[in-house]
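Colleague: Sequence plus the predicted model coming up.
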Amino acid sequence: MIEFNRFVLSNGLRVLVHEDHTTPMAVVNVLYDVGARDEQPDKTGFAHLFEHLMFGGSGNIPDYDEPLQRAGGENNAYTTNDLTNYYCQLPVENMETAFWLESDRMLGLAFSKKSLEVQRKVVCEEFKEHYLNKPYGDIWHKMRELCYQVHPYRWMTIGKELSHVEKANIEDVKAFFYKHYRPINAILVVAGAVETEQVKLLAEKWFGDIPSGEQYVRDLPAEPAQTGARHLDIYADVPANALIMAWHMDARLDPGYYAAELLTEILGDGGSSRLYQALVKERKILSALEVHHFGSSDKGLLAIESRLVNGVDHATAQAALEEELEKITREPVSETELQKVKNKTESMIVFEDMSLMNRASSLAHYELLGDAHLMNTELEKYRSITADDLLRESQKIFRKENSNSLYYHIRPTQHAE
Amino acid sequence: MLNRKKAPAIKDAVNMSLQLPPYVAFTLNNGVPVYTVQAGSQEVLQVELLFFAGLWYEQQELLSATTNFLLKNGTKTKTAFQLNEQVEYYGAYLSRGCFNDVSNITLHCLNKHLPHLLPVVSEIVTESVFPEDELVIYKNNQLQRLDINLKKCEFVGNRLIDEYVYGRNHPYGRYSTAEAFQNIQREQLVDFYQSHYVNGNCIILVSGKLPADLEQQLNLSLGHLPLQGNRPDIKPIATAPLVEKKHRVSNDEQGIQGAIRIARPFPTRHHPDFLGMQVLNNVLGGYFSSRLMNNIREDKGYTYGIHSYIQSHLHHASLHISTEAGLEVCEPAIAEIYKEMSLLCNEPVSAEELGLVRNYMMGGLLGDLDGPFQIMSRWKTYLLNNLPPDYFQQSLQTIRSITPDQLQQLAQQYLQPDSFYELVVV
């Protein structure tokens, strides 16, 4: 049970406090309700570029990192398709430094041209390092475009292409900031050896006078239900064939989400999972396997990524995979198997909650989803799932017309002239 | 009116009192030492069995890593699937890892399930059989993985720089090849397993919210095994650093980034300069506001990240600088790295910068000690290196008191550009 208190400042900033007096640290976590899904199709990668710019100085403070480190703190941030989250951890005695820094950048960035120029380059190098300059790096660029035709989940947070980031200008940056980075669109979580009253005073003092901003109304095009299997072939200079498949699944708050999460575990998590045992160990068709899902706020994807044993062709691998999936849609899982994934889920939650930083960011995330209390009811939701629920959900997900497949081929050797 | 230009007062982290919570040790019936750290409020445990069975101890390439990997892929009475299922049913994680000096088997679980899980640990430490079929799958899949990794400039860079610093045949400079995978035979695994696991030297580390009957539970499952509680004799193995210092390797004609690796041999944790060098390393490239980050990322935008670090093995160590940079800016980035080194040799660090690094390091330590596994991880380093019990306080003392002059002397000794190996892999 994660205890917390919640209050809202008059400018709309939601504040959550999680007291834990066993630690000498404090975590200050600021979540902004903006992610890559809120970008224009011709200006992708912006939410993430912005995350970099948030460290380039604010109206009254030339440098973010230095004063925080001087206070014994460290920090980082991440951007997803749904949200952007900034967090810092520092000795609780110096917590006010984090309030000072975070509030000043919410009040207004410095919008320095130099920072934009440098961070554009940094992000381009990040793009190259993670997506271009390594084998299979473009899989999810291609898969997202295949699976989503209208919803902005069709691009990655890093951006659709380098040129979008390269072309970002200071006017775009300002407009984006004042649209999304306002108290009304933000959630502040403070966790650690703190008192709620003390956090109230500090929040009021540092964030209270920031203009509220306009509530951002998200109006994204819903992805229409997929009505036919989709397929893509890619040929590249890679040493092994890969097969990636994905199916549309429920959004984070939809009823089917929990069953889909357990199905993911049953199929591919760990050495006793079904696909690993059947296809890697027994039939020796796959050499590597990963099953995961997006857990996204809007309707997401359940994905199977695999590499094929040398000499196995894609069609054989896909048929073998579908054979296993067919079993799970036909027969209910055993009680033991169900109990196993429930036990795993319980462990996962307990281990995640060990870290103060995780507790803070989870609270922020659930608050964003609509109610931070959801954090404490998750386990019960998983426990209440039955074998029948899994059967129904698997039948809903693993339909041919809901499937997307990508064959990643070893490019045949070309002889130079 | 709030003055936002003025920073709130801070307590210098340097003045904060910091204690590494002590461990409690006991010995199992068979003499195996157990070190425990009691901390945290969640009912969880980490049980780590450390074996002196890393690369240092193998007579044949890949023997230690392969043995370690296949430990839980079949015992006299259970298949790999059954072993995994038993662990996973209880929501536990049983991992194994093989490193340059030691290898391990680590269990993470909820306390309530420990009695069901220790017997599995015991079984894989005594009854693994290394089925031929499992070995074949492992080899094939690892060979494919190696092919893929060899396409990555980072991977190739990491291998080659270690080879330059330690020598291709040294346990710290060795790396996998297709040939070495093919040469591994089941019988060799069984022999290595018998000598280094079943009858091997073992240390057990347990951290978390310890159950009251931990000692009984461990004795019941592990206390009767033929494990050795003492340390093995260590035969020194001399490093054989390469003579040629500068290397450019073309790995991928289509590459758009280069992996830059710059490194030199460096003393181990027992050397009096080690603690001071940790401070200097932070100044150079050990944190976000380091000289290298400020210059090469935040001013020039040549890279997504650049770091320096001390790679500290038990018997030898090295100092590294590592980054991936755009193809056209690799050489300018290297020039800037040397410029930063020279600057540290030629000019003392300002009191202001040193204060920043001190506070950052102290705050980081405070955060690092927040949790049972983190506390144990520090003790593990100290125990494996045979460091004195007050080593933690010694490191704090160094962070608090080292002077700009001392740092400059260290720089002059260890940051001379021409003492470094230099590599770019594209």
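Modeller: Now that the structure is in, tell me what you want to look at. Numbering: from 1, shown residues only, chains lettered A, B, ... in the order given.
Colleague: Quick check: the residue positioned nearest the centre of chain A vs residue A:365, distance?
Modeller: Geometric centre of chain A, nearest residue: residue A:80, 4.4 Å, by C-alpha atoms, centre = their mean. Computed as C-beta to C-beta, to the nearest Å, the residue A:80 to residue A:365 distance reads 10 Å. Where you see a C-beta, it was placed from the backbone N, CA and C, and this is true even at glycine.
Colleague: pretty sure the residue nearest to the centre of chain A is touching residue A:156, no?
Modeller: No: in this structure, residue A:80 is not within contact of residue A:156 by C-beta atoms under 8 Å, at 10.2 Å.
Colleague: okay, and the common contacts of these two?
Modeller: residue A:36 (C-beta atoms under 8 Å, 6 or more residues apart in numbering or on different chains).
Colleague: Contact partners for residue 342?
Modeller: Defaulting to chain A. Residue A:342 makes contact with A:262, A:382, A:383, A:385, according to C-beta under 8 Å, 6+ apart.
Colleague: Please refer instead to chain B.
Modeller: Applying C-beta under 8 Å, 6+ apart, the residues near residue B:342 are B:415, B:417.
Colleague: Helix or strand for it, just tell me which one.
Modeller: Take DSSP states H and E as the rule and residue B:342 turns out to sit in helix B:330-346.
Colleague: Can you mark which positions in the helix or strand just after that helix are buried?
Modeller: Later in the chain than helix B:330-346, the nearest helix or strand by DSSP H and E is helix B:351-368. Residues B:353-354, B:356-367 are the ones in helix B:351-368 that count as buried (16 or more other C-beta atoms under 10 Å in any protein chain shown).
Colleague: Find the nearest non-adjacent residue to the residue of the stretch 1-150 of chain A found nearest chain B, please.
Modeller: Residue nearest to chain B within the stretch 1-150 of chain A: residue A:72 (2.3 Å; C-beta to the nearest C-beta). In space, and not counting its chain neighbours, residue A:72 is closest to residue B:363: 2.3 Å by C-beta to C-beta, 6 or more residues apart in numbering or on different chains.
Colleague: Quickly check: stretch A:302-322 near chain B or not.
Modeller: Yes: Stretch A:302-322 lies within reach of chain B by C-beta under 8 Å from any C-beta of the partner chain, at A:307, A:309, A:310.
Colleague: where does the first one land in three-state SS?
Modeller: It refers to residue A:307. The three-state label given to residue A:307 by DSSP: H, G, I helix; E, B strand; the rest coil is strand.
Colleague: Would you mind listing where chain A has pLDDT under the threshold?
Modeller: A:414-417 (pLDDT under 70).
Colleague: Domain-wise, how is it divided?
Modeller: A:5-207, A:230-410 (automatic domain parsing).
Colleague: Pull out the buried positions in stretch A:135-147.
Modeller: A:135, A:136, A:137, A:139, A:140, A:141, A:143, A:144, A:146, A:147.
Colleague: Check the gap between the last one and residue B:331 for me.
Modeller: What it means is residue A:147. 41 Å.
Colleague: ok, now the second one?
Modeller: Computed as C-beta to C-beta, the residue A:136 to residue B:331 distance reads 29 Å.
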